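In: Kindly return the folded structure for what I paste below:
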Amino acid sequence: AQAAQARDGPRALAARRLLLCRQLVNQAIGDALSDLLLVEAILALRGWSIAQWDAMYDDLPSRQTKLPVKDRTAITTTATEELATSPAELQPALNDLMALYPSGRAFVRPSGTEDVVRVYAEASSQAAADELALLTAQATWELAGGLGQKPTATADKVEREDESAGGGEGRGGGRGGG
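Out: Sure thing, here's the model as predicted:
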């Protein structure tokens, strides 16, 4: 019995700590201050500095854009929003696209506030992330009822090109009346 208790001691401590996390962090609203306190507590328990923790993570170049669709509710995802569950053909198409790029990852999800689908992509280079985002938007447009013309550039790139052409009407780029 003493051997079992010694073996289960670390498990019981880990379980207690995990349950205490639920009291500190509100999963429903994601309070930043309680999240920060949790990170500080974990770092202290592990004996890690912020620099050591930061060194464990490599940020990949990414691109986020949005795509107007006929019905944003036609796209459903898993609870983590990392996989599309409908339309059924969409996730296999995204998997094929991601396989084309080193460190490629892409997902789509319906916006909670606009009649659009959010498109996220990351890859080993910014050019690859931009291209993967475009291909993801195109596949989503084809398979989930995109509105208007099929995307030929990510929304961010289109806005930058419009601004450089002298339009200056991109996100926050215009001056004067309007």
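In: give me the beta-bridge partners of the residue most central in space within the chain?
Out: Nearest to the geometric centre of the chain sits Tyr120, at 5.9 Å (CA atoms, centre = their mean). Per DSSP bridges, the residues bridged to Tyr120 are Gln64, Phe107.
In: show me the contacts for it.
Out: By CB atoms under 8 Å, 6 or more residues apart in numbering, the residues touching Tyr120 are 62-64, 106-109, 133. (Glycine included, C-beta is placed from N, CA and C.)
In: Can you tell me how far it is from Ala129?
Out: 10 Å (CB to CB, to the nearest Å).
In: How about Thr80?
Out: Here Thr80 is placed at a distance of 20 Å from Ala129 (CB to CB).
In: between these two, who's got more neighbours?
Out: Higher neighbour count among Thr80 and Ala129: Ala129, with 25 against 8, using other CB atoms under 10 Å.
In: Surely Thr73 and Gly112 touch.
Out: No. Thr73 is not in contact with Gly112 according to CB atoms under 8 Å; the separation is 11.0 Å.
In: and the nearest residue to Leu60 once chain neighbours are set aside, how many residues sit next to it?
Out: Closest residue in space to Leu60, ignoring its immediate chain neighbours: Glu122 at 4.3 Å, by CB to CB, 6 or more residues apart in numbering. The number of residues packed near Glu122 is 22, by other CB under 10 Å.
In: ok, now which ones touch Glu122?
Out: Listed by CB under 8 Å, 6+ apart, the contact partners of Glu122 are 60-63, 103-106, 129, 132.
In: Filter those down to the ones in helices?
Out: Using DSSP state H, the members of the contacts of Glu122 that fall in helices are 129, 132.
In: buried subset of the contacts of Glu122?
Out: Listed as buried from these are 60, 62-63, 104-106, 129, 132; burial here means 16 or more other CB atoms under 10 Å.
In: Tell me where the protein has helices.
Out: In the chain, the helices defined using DSSP H lie at 2-24, 32-46, 50-55, 90-98, 126-143, 155-164.
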